[in-house]
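K.L.:
show me the folded form of this:
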Amino acid sequence: MVIVRDKLYLGGLWTDPSDPTPLAIRSPHDQSPVGQSVQARLADVDRAVAAARTAFDQGPWSHTTPQQRQDLIARLNQLREARSDEIAALITRERGNPLWFNRAGQGGLTRQALGYLKGAREFGWEETLPSSVPDAAFRSVVRREAIGVVAAVIPWNSPFSAALAKMIPALLAGNTVVLKASPENSLSIMLLADIFDQVGLPEGVVSILPADRETSEYLVAHPGVDKVSFTGSTGAGRSIAAVAGRQLKRVSLELGGKSAAIILPDADLNEAVPALRYSALANNGEACVAQTRVLAPRSRYDEVVTALKNLLEGLKVGDPSEEDTFIGPLVRAEQQERVRSYIRLGIEEGARLVTGGPESPAGLEQGNYIKPTLFADVDNTMRIAREEIFGPVLVVIPYEDEDDAVRIANDSEYGLSGGVWTADAEHGLRIARRIRTGTFTVNTAPIGFDGPFGGYKTSGIGREYGAVGLAEYVEHKTITVPA
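P.N.:
Next up, the predicted model:
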């Protein structure tokens, strides 16, 4: 079925776009038509921001209670859960990431929402501080209030997760939101708009716009926007931070990564290597948290390389809608060529190509496919070890001892994620405390949604998830009152 979307979701209303020209959406698997959708232009951004501004400054939304907003988000979560299979299937058709990944992600979205709701219930929306002065003649009331209009800008690799990680806390805090999604997610993001349309939010509170980079830049710099929340590349994040700095606009950035997976000498490779299938290669490797630098002790280096080679060669690459496909096509041809260029670069840099390579897998030449690729004998100074490739490409770097492993893991401009495998979990915890990264797993323990998520260094500014993520969307006001 070819899907047609000819309207934009502006301020909670289905509205004709300023430019009715549709964008054709084709399957990354075989280039067959999936649908078509209109794109937001600058005039549409103006309308969306104006609606959000009115809803915040004059409408009823700013006067809702935290409990009322929590009830609406709980309803949003229930409506999304009811359409989980539909969401997963459409993202697979449109984006090319495997169906198993999108189905698993629906459970993650539920846990993400519940983490935010728990944080909101426990949040100190208004507190009276005890005075540090004995018998003070005043008391201090601290309020946490909405910032205003939030521009949420998300990438193409995980549309629902990225969108709701920003929209839910922004709305729980009482902000209005203009979401800008990538053209590659035009159809699935309109499905999210369908769900929001049933929640019962006041007019103007939410706009959802698929749009290109020019429109995104216009939204970020719009004088009616009070805060920008962005997920994407570090380069784009720098540009957004510069704009926000000039305007003294609040900003949070979840950016790139080049995370390390440290295999300690006592690790069970029968557990560690299969786990890397998910922590390094899930979502076709198009994930900022992917642990694509595998650090192996010299004493077991060949063993680790062989085990990873067997893992990659055993993965099914192909039609992402098939249940047993692990690696699907990359999102677009330009991304496919980008990953190919890095594979060629790795060969030029002198790394040993163990498996994979720049050629398309046999029989899949029509799609944006990349062979799962493994490089060995990699030095951490090589570009394939330092730059985010965003595809199914792993590098194995040898280390001498534990201190050397920690040094290599930290020798990166990024600091988003990482992991360690060891027979002693407490030892793994000690390693984790030494790594300069925002999230870290020991023996692939799952990331929780109550704790904060975000990066050190050029991996970002600010945090998402739970109460800490909610705090990114509030201003703090102190009121002094006579005692």
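
K.L.:
show me what contacts His222?
P.N.:
Contacts here follow C-beta atoms under 8 Å, 6 or more residues apart in numbering; on that basis His222 touches Val45, Asp46, Val49, Ala151. C-beta: built from backbone N, CA, C; applies to glycine.

K.L.:
these: which two are farthest apart?
P.N.:
The two members of those with the most space between them (C-beta to C-beta) are Asp46 and Ala151, at 12.7 Å.

K.L.:
which of those two has more neighbours?
P.N.:
Shown here are Asp46 and Ala151; by other C-beta atoms under 10 Å, Ala151 has more neighbours (30 against 15).

K.L.:
helix/strand/coil for the more buried one?
P.N.:
Recorded secondary structure, Ala151: strand (DSSP: H, G, I helix; E, B strand; the rest coil).

K.L.:
roughly how far does it sit from Ile240?
P.N.:
To Ile240, Ala151 is 10 Å away according to C-beta to C-beta, to the nearest Å.

K.L.:
overlap of the contact sets of these two?
P.N.:
The contact sets of Ala151 and Ile240 overlap at Val220, Val228 (C-beta under 8 Å, 6+ apart).

K.L.:
for this structure, which residues score under the pLDDT cut-off?
P.N.:
Residues of the chain that meet the criterion pLDDT under 70 are absent altogether.

K.L.:
for the residue most central in space within the chain, which non-adjacent residue is closest in space?
P.N.:
By C-alpha atoms, centre = their mean, the chain has its centre lying nearest to Ala162, at 4.6 Å. The shortest distance from Ala162 to any non-neighbouring residue, by C-beta to C-beta, 6 or more residues apart in numbering, is to Ile154 (3.9 Å).

K.L.:
look up phi and psi at the one you found.
P.N.:
Summarising the backbone geometry of Ile154 under the convention degrees, to the nearest 10, its torsions are phi -120, psi 160.

K.L.:
now do the contacts for it.
P.N.:
If you count contacts by C-beta under 8 Å, 6+ apart, Ile154 has them with Ala162, Ala163, Lys166, Leu179, Lys180, Ala181, Ser182, Phe230, Thr231, Gly232.

K.L.:
now intersect these with the strands, please.
P.N.:
Assignment to strands by DSSP state E places the following of those there: Leu179, Lys180, Ala181, Phe230, Thr231.

K.L.:
nearest to Gly200, of those?
P.N.:
For Gly200, the closest of these turns out to be Leu179, at 17.9 Å, with distances computed as C-beta to C-beta.

K.L.:
show me where the stretch 51-200 of the chain has helices.
P.N.:
Remark: helices assigned in the stretch 51-200 of the chain by DSSP state H, counting those that start in this stretch are 66-82, 84-95, 99-122, 159-172, 186-197.

K.L.:
ok, Ile479 to Ser140 distance?
P.N.:
With distances defined as C-beta to C-beta, the gap from Ile479 to Ser140 amounts to 7 Å.

K.L.:
quick one: which of these two has more around it?
P.N.:
In this comparison of Ile479 against Ser140, neighbours counted by other C-beta under 10 Å, the higher total goes to Ser140 at 15 against 11.

K.L.:
could you tell me how many residues sit around the spatially closest residue to the more buried one that is not a sequence neighbour?
P.N.:
For Ser140, the nearest residue in space outside its immediate sequence neighbours is Leu129; the separation is 4.5 Å by C-beta to C-beta, 6+ apart. Leu129 is surrounded by 10 other residues when neighbours are defined as other C-beta under 10 Å.

K.L.:
quick one, phi psi at the nearest residue to Ser259 once chain neighbours are set aside?
P.N.:
Nearest non-adjacent residue to Ser259, counting by C-beta to C-beta, 6+ apart: Ser417, 4.0 Å away. Ser417 has phi and psi values of phi -150, psi -170 when expressed as degrees, to the nearest 10.

K.L.:
hang on, isn't Ser417 packed against Ile435?
P.N.:
No. The pair Ser417 and Ile435 fails to qualify as a contact (C-beta atoms under 8 Å) at a distance of 9.7 Å.

K.L.:
and the helix or strand where Val251 lies, what does it pack against?
P.N.:
Val251 is part of strand 250-254 when elements are defined by DSSP states H and E. In this structure, strand 250-254 packs against strand 227-231, helix 234-247, strand 460-461, with contacts taken as 3 or more C-beta pairs under 8 Å, 6 or more residues apart in numbering; DSSP states H and E.

K.L.:
deepest-packed of these, please.
P.N.:
With neighbours taken as mean count of other C-beta atoms under 10 Å, the helices and strands packed on strand 250-254 reach their highest mean count in strand 227-231, at a mean of 26.

K.L.:
what's the spacing between Gly124 and Ala483?
P.N.:
Distance check for Gly124 against Ala483: by C-beta to C-beta, it reads 20 Å.

K.L.:
number of residues surrounding Phe196?
P.N.:
Burial measure for Phe196: 24 neighbouring residues, criterion other C-beta under 10 Å.

K.L.:
over to Leu276?
P.N.:
Residues contacting Leu276 under the criterion other C-beta under 10 Å number 26.

K.L.:
next SSE downstream of the helix or strand in which Gly469 is found?
P.N.:
Taking DSSP H and E as the definition, one finds Gly469 inside helix 466-471. Going down the chain from helix 466-471, the next helix or strand is strand 474-482, by DSSP H and E.

K.L.:
give the partner strands of that following strand in its sheet and their orientations.
P.N.:
Take DSSP bridges as the rule and strand 474-482 pairs in its sheet with strand 138-146 (antiparallel).

K.L.:
gap between Ala272 and Ala423?
P.N.:
Using C-beta to C-beta, one obtains 10 Å as the distance from Ala272 to Ala423.

K.L.:
sorry, that was for Leu179
P.N.:
Distance, Leu179 to Ala423, using C-beta to C-beta: 45 Å.

K.L.:
can you redo the helices and strands packed on strand 250-254 as a markdown table with distance to Pro265?
P.N.:
What follows is the helices and strands packed on strand 250-254, written out as a markdown table (distance: least, C-beta to C-beta, whole Å):
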| stretch | distance to Pro265 |
| --- | --- |
| strand 227-231 | 36 |
| helix 234-247 | 33 |
| strand 460-461 | 32 |
